[in-house]
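Q: take a look and give me a structure for this.
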Amino acid sequence: PCGSWARMPKWMAVVEYLGVPYDSTKDTPQSKPFAYRRYKQRGDVGAPWTDAFREIVVEYGNETWHNGAGGYGWHGFGRPGYVHRGGVEYGLFARFMFQENVARMPAWKLHNLGAKIKFALGGNYQATETSYAEAAVQKAGSIVSYVGHANYVGPKWETGDTGSSSFNDHGMQETLVGMVTRVKKVVVDAAAMQKQLNSSAGLSYRVIAYEGGPSGYRQNKNKPIIDEQYGKSLGLGVAALAAWLFSSQNGYGHQPYLRFAPAKWWSSHTLPEAGGFRAHPGWLALAMRNRHAPGTEMLEVKIDKAPSYDRKGAAIPLIASYVIKDRDLFTSVFVLSRKLDGKHDGHDFGDGYTPVTLKLPFSRAPLEIKLYKLARPNGAAADPRANNLKDEQIALVEQTIPLSAFSQDFVINKETGGGTGGMPPGTVYLYRFQHKQPPADAGSPGAEGGVTDGGGDDGAAEEGCSCSHVSGRPSAWLVLLLAALLIGRRRRSRA
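A: Numbering: from 1, shown residues only. Predicted coordinates for the structure are as follows:
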């Protein structure tokens, strides 16, 4: 984000720094001061950053919607502390800066910078015609390419949520279903408003998430470890992945993770003093999606007879699936369990396993079947309550499934990486079916990792299966015996 307090010359300086080339044979530090600064910082390379990236997204301000109510600055355009007020003014200021000034720079047209530098506005957890970001984009106009809504999972002060005061099974079950109960509505509403305003107001923006991932921190100020136990749990990693996939399914573009850092609260890894940089489950879930599910086309999934439980009079589904297709090369099927084992919330969930059969949209045997799952490092099922705060309890595990296990009615069982009872509780599986070899210049999806034991309920390696622990370092028909997932009509959506 760039500061909403920045005056017009600073915005123009940002654009020059990002997108204007510097030729030392004819340009001078006086004629192009900010292009020259970049030129020197890059070791006398004159090419602008716009040549190095597909696009550069610049957000006007950061969380201006709360007008300072969060207690951490970033004042907006409404009265101090008036959350979600001032959207119209936000949009007018953005129009003044972007359309009336930046876009009229000679360099903007000369270097076709509008093709690479995209402007974004930020909203929050409301998406109606008069809510903060939607009111703003109507005033800002077509110069805005993106409108961001956070898709954090976990209790949030902005929506008046209160977290659990102790780490218990009720709180853990609430965590696992957090996408359904807390995030789903704003994703659906934001996507609907995008379609409406692009059609009725002559706009052409796309919804993105300006921030997202596991959240719910600073709820227990006197017992912060409780927030860490929830926020760094496998269960919240599963819920965060559900939010990202559901957002993609509804047309969201970019979805940044907050934040890539070793730290407490919002972070990706443990601190060095915890014994090393261990990835948190939320980061591992993101790695699963980005590194092992190629493609941008999502297929529609229909779920029939899904297991559910009653929560405040509503039936909450305990199984979910998302499918991503990469041309005719790969079909990637995610299966997510929201079920926590044990007796809680007025129900007996037993051992938490769910019998699952996937009826696939193809009958020909693939060239290869890979399973990626969040599990113990040895491949055994992990406890959804577990975390990596003190030692590695959760890993992104890769397993090769024998082709003899393939059927269009593909059953999750011990042979295919699950358990005797099917899908383990509170975790996510990604089955990647490879149909053809990728072109020679396309590379091969996957990651390096050390080979370990794995597979089965008890962690013993299964005959015919190989498992490896994938490092978390940076870098169409489905039928369930208790839940039926039907993949039908193709739906174009960048994942």
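Q: helices of the stretch 1-150 of the chain, start to end?
A: Secondary structure of the stretch 1-150 of the chain (DSSP state H, counting those that start in this stretch): helices at 8-19, 33-41, 87-94, 106-110, 132-140.
Q: a markdown table for those, including mean pLDDT, distance to Thr400 and mean neighbour count?
A: C-betas here are computed from N, CA, C, even on glycine. A markdown table is the format used below for the helices of the stretch 1-150 of the chain (pLDDT from 0 to 100; distance: least, Cβ to Cβ, whole Å; neighbours: other Cβ atoms under 10 Å):
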| stretch | mean pLDDT | distance to Thr400 | mean neighbour count |
| --- | --- | --- | --- |
| helix 8-19 | 92 | 44 | 18 |
| helix 33-41 | 98 | 45 | 17 |
| helix 87-94 | 95 | 50 | 21 |
| helix 106-110 | 96 | 51 | 13 |
| helix 132-140 | 97 | 45 | 26 |
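Q: generate CSV for these, with distance to Asn250 as supplementary columns.
A: Listed next are the helices of the stretch 1-150 of the chain as CSV, based on distance: least, Cβ to Cβ, whole Å:
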stretch, distance to Asn250
helix 8-19, 30
helix 33-41, 37
helix 87-94, 22
helix 106-110, 32
helix 132-140, 16
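Q: to Glu368, which of the ones you listed lies closest?
A: Among the helices of the stretch 1-150 of the chain, the nearest to Glu368 by Cβ to Cβ is helix 8-19 (41.7 Å).
Q: contact partners of that closest one?
A: 2-3, 6, 32-35, 37-38, 48-50, 56, 58, 96-98, 101-102, 105, 107-108, 111, 113, 116-117 (Cβ atoms under 8 Å, 6 or more residues apart in numbering).
Q: now do that helix against helix 33-41, angle only.
A: 40 degrees (axes from the mean of the first three to the mean of the last three Cα atoms, to 10 degrees).
Q: could you export helix 8-19 as PDB, CA atoms only?
A: C-alpha atoms of helix 8-19 as PDB (Å, rounded to 0.1, in the frame of the first residue of the first chain):
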ATOM      1  CA  MET A   8       0.400  14.200  -5.700                       C
ATOM      2  CA  PRO A   9       4.200  14.800  -6.300                       C
ATOM      3  CA  LYS A  10       5.000  11.700  -4.200                       C
ATOM      4  CA  TRP A  11       2.500   9.500  -6.100                       C
ATOM      5  CA  MET A  12       4.000  10.700  -9.400                       C
ATOM      6  CA  ALA A  13       7.500   9.900  -8.000                       C
ATOM      7  CA  VAL A  14       6.300   6.400  -7.100                       C
ATOM      8  CA  VAL A  15       5.200   5.800 -10.700                       C
ATOM      9  CA  GLU A  16       8.400   7.200 -12.100                       C
ATOM     10  CA  TYR A  17      10.400   4.900  -9.800                       C
ATOM     11  CA  LEU A  18       8.400   1.800 -10.900                       C
ATOM     12  CA  GLY A  19       7.900   2.400 -14.500                       C
END
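Q: all good on my end, thank you.
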